[in-house]
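Asker: Sequence plus predicted model, see below.
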Amino acid sequence: MLQITLPDGSQRAYPAPVTVAEVAQSIGAGLARAALGGKVTGADGTTKLVDTSFVLDHDTQLAIVTAKDADGLDLIRHSTAHLLAYAVKSLFPDAQVTIGPVIDNGFYYDFSYKRPFTPDDLAAIEKKMAEIAKRDEPVTREEWKRDDAVTFFKGIGEDYKAEIIASIPSNENISLYREGSFVDLCRGPHVPSTGKLKVFKLMKVAGAYWRGDSNNEMLQRIYGTAWANKEDQDAYLHMLEEAEKRDHRKLGRDLDLFHFQEEGPGLIFWHPKGWALWQQVEQYMRGVYRDNGYQEVKAPQILDLSLWKKTGHWENYRENMFTTESENRMYGLKPMNCPGHVQIFNSGLHSYRDLPLRYGEFGQCHRNEPSGSLHGMMRVRGFTQDDGHIFCTEDQLQDECAAFTALLQKVYRDFGFNEVLFKVATRPEKRIGSDETWDRAEDALMESLRRTGCAFEVSPGEGAFYGPKIEYTLKDAIGRHWQCGTIQVDFSMPQRLGAEFVDAQDQRRTPVMLHRAILGSFERFIGMLLENHAGAMPPWLAPIQAVVCCISEGSADYAAEITQSLKKQGFRVQSDLRGEKITYKIREHSLQKVPYILVVGDKERQAGKVAVRGLGGLDLGAIPFEDFVGRLNEDVALRRNVVQSIVQPEPAVV
């Protein structure tokens, strides 16, 4: 008798081996219709996702996977990628299929075809996908010998697929999936039939090199999205529309903050207003350094290659480094600040009483990112980090990590981000240091999060080559996630570079080094800020906090007087004394997302008042000038956002 244990702990007995679909049917007809796959737990506690046709032939634990589960959504997206390939082959028989994985919120599939796919082609492909889905064709798994599969795909002109299969060891059987006339290589699993794929949309076509190698043929990558229901897809598409409106590159142009140009790929040209925003962020972070025991330092931009070899960067990171030569010496332009901070630490002998010693730097770094990966301010080659390094004893490690996490959360709240996700990234395959050292470092990070009450995920293998790290991810106003701050434990670099302190027994010891950043890259963080606030920065950050507009020539002197008074009090203010209509001025400055527009005419001048308008429809009417000054001071002190009704949609479920 076969015993199947379900997630609620109940058990069901079967006289003979059964499929996942048969188990679902025995539980209920509704579950059988909803079943997309199964999750089977092995004797060793590991789980694997399987087709509904998978045969259970021994006692096991089973969860039926439906569209309500995260695994079910992955199954839908994976299967929709194959549905896309099926449709392309139906319409364009000469096209060759290559690979088609699941990605965040969707999928893609790469094709080789004699001409570029057009928007009309995408519409036709999507229509064909809907036709195939409506036919509800079964999706079945077949096992083939590798060499037979190579012969089959070569015979139908699928050279890329044959190349993939030929790279698999010859003694292994492979799995193919068949739906109607279409057969594709895939490990699976898949939904049981095409009728389960009801909600999808093709998004765009882009170029992609075969196997990611620029020496190979350029393929066409079709991106799509797929969801369990139309409501979720509509929410996602709405989020994309909102994200397009908030694109920091567009806002940078429209608000005259910065620009990019071909002569400086991956580098930013900051305009006066953009640099004013930058300065507010930097001065705020300088205060954070000051108030939390950091000493600000500055290390050189270039260092001799011998130092980068000592740190391990040259061995593990050279492809991302810019180099230069002078007088027969090779130098590396710094991709990170940590080696310079160790040199500053090493310049004097430290006692254990000096620790923890916290250095902070607004350090400009350069990394040789591939041109294809550059993306506005979000992925650049030149950037500035709010970089800090803490030298401490191992006993101080958890306290420092816990204090940093609390500080980071406060900083994010001040900038308008109230939700933070925590992830611990553990040892990668390519690393320095012993396993014992990595064990201690990983345990310390996890325990520091437990102490501060932060739930976290573990990302195996995603740590830096020199140590594990906590990654802090922000959620913005439209529900997107941004990986931002980090703290990394490093037992190795201080030892490699000879960092020492004298302990209580007068013995020389190597400190632990914590690499930490809250904002990460200033450039990327400012891009995130612009998109989160849709360019309407709160008064404490806004490049221009207020514009004073005169209604007529007779009130121009009063407008200029108000402007000068505000400037003397340290506010960032401009006046608009042009002879344009006041409605034109208000509209123009509203489009520039200035937090406050002060309108003054003869009545306001005589009463010593200003008529105050704010973004999002705020209208305070005419109030005493001193009251406005008090309000603006309060906005800055409390880091308050004046925007009340500017478009802020509910976050999409993505």
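Answerer: Now that the structure is in, tell me what you want to look at. What you see is a predicted model, and the numbers here were worked out from it, not measured in a lab.

Asker: any idea which element residue 125 lies in?
Answerer: According to DSSP states H and E, residue 125 maps onto helix 119-135.

Asker: And residue 288, by the same measure?
Answerer: helix 272-291.

Asker: Pull out the buried residues from that helix.
Answerer: Using 16 or more other CB atoms under 10 Å as the test for burial, helix 272-291 gives 273, 274, 276, 277, 278, 280, 281, 282, 284, 285, 288, 289. The way it works is simple: take the backbone N, C-alpha and C, and place the C-beta from them, glycine included.

Asker: now stretch 147-163
Answerer: Those would be 149, 150, 152, 153, 158, 160, 161, 162, for stretch 147-163 by 16+ other CB under 10 Å.

Asker: Just give me the residue right at the centre of this protein.
Answerer: Closest to where the C-alpha atoms of the chain average out (CA atoms, centre = their mean) is residue 482, at 3.7 Å.

Asker: Please report phi then psi for that residue.
Answerer: Main-chain torsions, residue 482, degrees, to the nearest 10: phi -130, psi 120.

Asker: what's across from it in the sheet?
Answerer: Listed beta-bridge partners, residue 482: residue 474 (assigned using DSSP bridges).

Asker: so where's the stretch 501-650 of the chain shaky on pLDDT?
Answerer: 643-650 (pLDDT under 70).

Asker: If we use 90, what do you get?
Answerer: Within the stretch 501-650 of the chain, the segments meeting pLDDT under 90 span 553, 615-618, 641-650.

Asker: Now do the strands in it.
Answerer: 501-502, 508-509, 512-521, 546-550, 573-576, 596-600, 609-614, 618-624 (DSSP state E, counting those that start in this stretch).

Asker: how about those strands, which one is nearest residue 443?
Answerer: Among those, strand 512-521 comes nearest to residue 443, with 13.0 Å by CB to CB.

Asker: Parallel or antiparallel, which strands does the closest one pair with?
Answerer: In the sheet, strand 512-521 lines up with strand 382-392 (antiparallel), strand 481-490 (antiparallel) (DSSP bridges).

Asker: Could I get the average pLDDT for the helix ranked longest in the chain?
Answerer: Assignment by DSSP state H gives helix 70-91 as the longest helix of the chain. If you average the pLDDT over helix 70-91, you get 96.

Asker: now the strand or helix carrying residue 398, how far from the chain's geometric center?
Answerer: Element membership of residue 398, judged by DSSP H and E, is helix 397-414. Offset of helix 397-414 from its chain centre (CA atoms, centre = their mean, to the nearest Å): 20 Å.

Asker: which residues sit against that helix?
Answerer: 284-285, 288, 292, 356, 390, 392, 418, 420, 422, 444-445, 447-449, 451-452, 454, 470, 472, 474, 484-485, 487, 489, 512, 514, 516, 518-519, 639 (CB atoms under 8 Å, 6 or more residues apart in numbering).

Asker: Counting by contacts, list what the worst-scoring helix or strand of the chain on mean pLDDT packs against.
Answerer: Sorting the helices and strands of the chain by mean pLDDT, DSSP states H and E puts helix 313-317 at the bottom, at a mean of 85. With contacts defined as 3 or more CB pairs under 8 Å, 6 or more residues apart in numbering; DSSP states H and E, the packing partners of helix 313-317 are helix 305-311.

Asker: who's in contact with the helix it packs on?
Answerer: So helix 305-311 is contacted by 314-315, 321, 323, 329-332, 338-339, 343, 493, 496-497 (CB under 8 Å, 6+ apart).

Asker: Most widely separated two among those?
Answerer: 329 and 493 (22.5 Å).

Asker: Those two: who's more crowded?
Answerer: residue 493 (24 against 10; other CB atoms under 10 Å).

Asker: dump the residue contacts of the more buried one.
Answerer: 311, 312, 338, 339, 342, 466, 513.

Asker: and if you look at residue 268?
Answerer: Contacts of residue 268 by CB under 8 Å, 6+ apart are 258, 259, 260, 377, 380, 382, 523.

Asker: give me the number of residues near the last one?
Answerer: The burial count assigned to residue 523 is 25, neighbours taken as other CB under 10 Å.

Asker: Could you do the fourth one as well?
Answerer: In terms of burial, residue 377 registers 24 neighbours under the definition other CB under 10 Å.
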